[in-house]
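Asks: Predicted model and sequence below, questions to follow.
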Amino acid sequence: MDYSKIPSVTNLLKNEKGVKLVSKFGRDPFLDTSKIVLEQIRKDFANYHENISENLVLQLIKSSLEDSERKGLQKVINLTGTILHTNLGRAPLPKVVADKVKKLSTPYCNIEFDLTTGKRGKRTASIEEKFRQLTGAEDCVVVNNNAAAVLLTLSALTSGKEVILSRGQLVEIGGSFRIPEVMEQSGSILKEVGTTNKAYIDDYKHAVNENTGAIMRVHPSNFRVVGFNHETSLADLSQLAKNSGLPLIDDLGSGTLISLERWGLYEPTVIDSIQQGADVVTLSGDKLLGGPQCGIVLGKKELITKLKKHPLMRALRCDKLVLSALESTLDIYLKERYVEEIPFYYFLDREIDKLKDIASEITATLDSKYYEVVEDASFIGGGAMPLHQLKTVAIKINYHKPQLIAEFLRKQQVPIVGRIRNETLYLDLKTVYEEDIPYLSKVCGLLGEEIIDGE
């Protein structure tokens, strides 16, 4: 075959369009992609040889580079009906928090410097004080996620010792990370008590021995045991722990600083846990708290001090951006503005009528034959309250190829992710931002023109 029509990489680099691509994407990515594209053209030469040109090759290179760029982190519009979607970043940060992080991301900051004394300061001094005000906890540490919080707690307090835990709480916390495995990694010895559906205080009492290091409760935030079951209360476990001279560790998982009863929801709060006698409480920062991804350990000062001195603390500690985001999030709670400023609570608080207004605005110029506004159900997500459904409004797209529509939406400049149920695509409006409504309306219009009307 005559490959002479295929342009050389040297000529592509000299081409004005090639120069622009190098400037935009970088020389090495351009060269790597050029080699891949040219090799593909050689393999499939029969389909290219009549139309081959530098412009065609550069267009193929440009498309490939753009596809590669899209694989990086970028904004996505979450219309899945899951507020805390693990694959989409869980809790979106409040704007005031994002502004604080941006402000501190480029300059130096006093992360471990006391501006009063001019000496080395405490990395989380401000956060510790805010948590004391919000929860009554004596002290805290912040690590990179709740799995790390549990690992550090067990490593520092119970390595080589037995930890008593109900069989019904041997949970998998996501991504195949299981409590028994985390416990094993910490050097602690799991002492199971009770059965899958029932664990009584006597089961715990009989398990206490000279090698017991702690009693632990793991809140089953991502599943529920219903029906014939019994769970020993945290208050009873606290009394047993005190009588036995043992620490009581309470892993809340998702964790929340406020009561959710105003929305008809129930999750134990950090204050509940501390007031009922937990000595150490662990929770996530990017779920019900609505802040950055991190793991938080709150509790008695003497126990938290052991965590701070453990070698793992250095490996698991957070950087200035996470700490500044958490600090700013806690300020919102102190000002009691979480519904107004924390996206999770803002979305949770949205009324059905408001969602219907949004749906009407989006579908105003669309064909009602294909775009149907329906009431539906959303979920909290993030491993929290799996049985609870939230009232919502969705745009139901009545088209027989839902996968094709979903792919079209994902390929937009700002990708849109909905959910497919019963071979139908739904765009749940529970989590749409007001500023994204015009864009969403525009894309739905393009969808009608390019996919639905195109058949």
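Replies: Done, it's in. A quick note: this is a predicted structure, and the numbers were derived from the prediction, not measured. Numbering: from 1, shown residues only.
Asks: quick one: residue 183 and residue 164 touch, right?
Replies: No: contact criterion CB atoms under 8 Å: residue 183 and residue 164 do not qualify, at 11.2 Å. (Glycine included, C-beta is placed from N, CA and C.)
Asks: okay, those two: which has more neighbours?
Replies: Shown here are residue 183 and residue 164; by other CB atoms under 10 Å, residue 164 has more neighbours (29 against 22).
Asks: what is the more buried one paired to in the beta sheet?
Replies: Residue 164 forms beta bridges with residue 191, residue 215, as assigned by DSSP bridges.
Asks: That one contacts residue 217, doesn't it?
Replies: No: using CB under 8 Å as the test, residue 164 is too far from residue 217 to be in contact (9.7 Å).
Asks: Residue 282 - that's part of a strand, no?
Replies: Yes: judged by DSSP: H, G, I helix; E, B strand; the rest coil, residue 282 forms part of a strand.
Asks: got a list of what it touches?
Replies: 146, 149-150, 153, 249-252, 255, 295-298 (CB atoms under 8 Å, 6 or more residues apart in numbering).
Asks: Who wins on neighbours among these?
Replies: residue 153 (33 neighbours).
Asks: and stretch 235-245, C-alpha only, in PDB?
Replies: Only the C-alpha atoms of stretch 235-245 are listed here, as PDB (Å, rounded to 0.1, in the frame of the first residue of the first chain):
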ATOM      1  CA  ALA A 235     -26.000   3.900  77.100                       C
ATOM      2  CA  ASP A 236     -25.900   0.300  78.300                       C
ATOM      3  CA  LEU A 237     -22.700  -0.300  76.500                       C
ATOM      4  CA  SER A 238     -21.300   2.800  78.100                       C
ATOM      5  CA  GLN A 239     -22.200   1.700  81.600                       C
ATOM      6  CA  LEU A 240     -20.500  -1.700  81.000                       C
ATOM      7  CA  ALA A 241     -17.400   0.000  79.600                       C
ATOM      8  CA  LYS A 242     -17.100   2.200  82.600                       C
ATOM      9  CA  ASN A 243     -17.600  -0.700  85.000                       C
ATOM     10  CA  SER A 244     -15.000  -2.700  83.200                       C
ATOM     11  CA  GLY A 245     -12.500   0.200  82.800                       C
END
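Asks: Chain neighbours aside, what residue packs nearest to the most centrally placed residue in the chain?
Replies: The centroid of the chain falls nearest to residue 90 when counting by CA atoms, centre = their mean (2.6 Å). If the residues on either side of it in the chain are set aside, residue 90 comes closest to residue 286, at 4.5 Å by CB to CB, 6 or more residues apart in numbering.
Asks: ok, and the closest non-adjacent residue to residue 143?
Replies: That would be residue 316: by CB to CB, 6+ apart, it lies 3.9 Å from residue 143.
Asks: One more: residue 77?
Replies: residue 416 (4.6 Å).
Asks: what comes up buried for stretch 272-284?
Replies: Within stretch 272-284, the residues that count as buried by 16 or more other CB atoms under 10 Å are 272-274, 276-284.
Asks: Tell me where the stretch 251-400 of the chain is predicted with low confidence.
Replies: 383 (pLDDT under 70).
Asks: Do a quick rundown of the strands in it.
Replies: 280-284, 295-299, 371-381, 384-397 (DSSP state E, counting those that start in this stretch).
Asks: Contacts for the third one, please.
Replies: I take that to be strand 371-381. By CB under 8 Å, 6+ apart, strand 371-381 touches 81-86, 90, 265, 288, 352, 356, 359-360, 363, 386, 388-398, 426, 428, 430-431, 444, 448.
Asks: Buried ones from these, can you make that a ChimeraX selection?
Replies: A single ChimeraX command is used to select the members of those judged buried by 16+ other CB under 10 Å:
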select :81,82,83,84,85,90,265,288,359,363,388,390,392,393,394,395,396,397,426,428,430,431,444,448
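Asks: rewinding a little: please convert the buried residues of stretch 272-284 to a markdown table, extending it with distance to residue 452.
Replies: Formatted as a markdown table, the buried residues of stretch 272-284 follow (distance: CB to CB, whole Å):
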| residue | distance to residue 452 |
| --- | --- |
| 272 | 50 |
| 273 | 51 |
| 274 | 55 |
| 276 | 56 |
| 277 | 59 |
| 278 | 55 |
| 279 | 59 |
| 280 | 56 |
| 281 | 51 |
| 282 | 49 |
| 283 | 45 |
| 284 | 41 |
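Asks: Between which two of these is the distance greatest?
Replies: 277 and 284 (21.9 Å; CB to CB).
Asks: that older thread, how much space between the residue nearest to the centre of the chain and residue 308?
Replies: Separation of residue 90 from residue 308 (CB to CB, to the nearest Å) stands at 26 Å.
Asks: do the same with residue 207
Replies: Separation of residue 207 from residue 308 (CB to CB) stands at 29 Å.
Asks: Repeat that for residue 379.
Replies: 37 Å.
Asks: what does residue 197 give?
Replies: Here residue 197 is placed at a distance of 38 Å from residue 308 (CB to CB).
Asks: what about these two, which has more around it?
Replies: Between residue 197 and residue 308, counted using other CB under 10 Å, the more crowded position is residue 308 (19 against 15).
Asks: Quick check: chain neighbours aside, which residue is closest to the more buried one?
Replies: Leaving out its chain neighbours, the residue that sits closest to residue 308 by CB to CB, 6+ apart is residue 141, at 5.9 Å.
Asks: and the one you found, what are its bridge partners?
Replies: With DSSP bridges as the rule, residue 141 is bridged to residue 297.
Asks: Closest one to residue 238 out of the contacts of residue 282, please.
Replies: Nearest member of the contacts of residue 282 to residue 238, counting by CB to CB, is residue 250, at 9.2 Å.
Asks: Phi and psi next, for that closest one.
Replies: Here is the backbone geometry of residue 250 (degrees, to the nearest 10): phi -120, psi 110.
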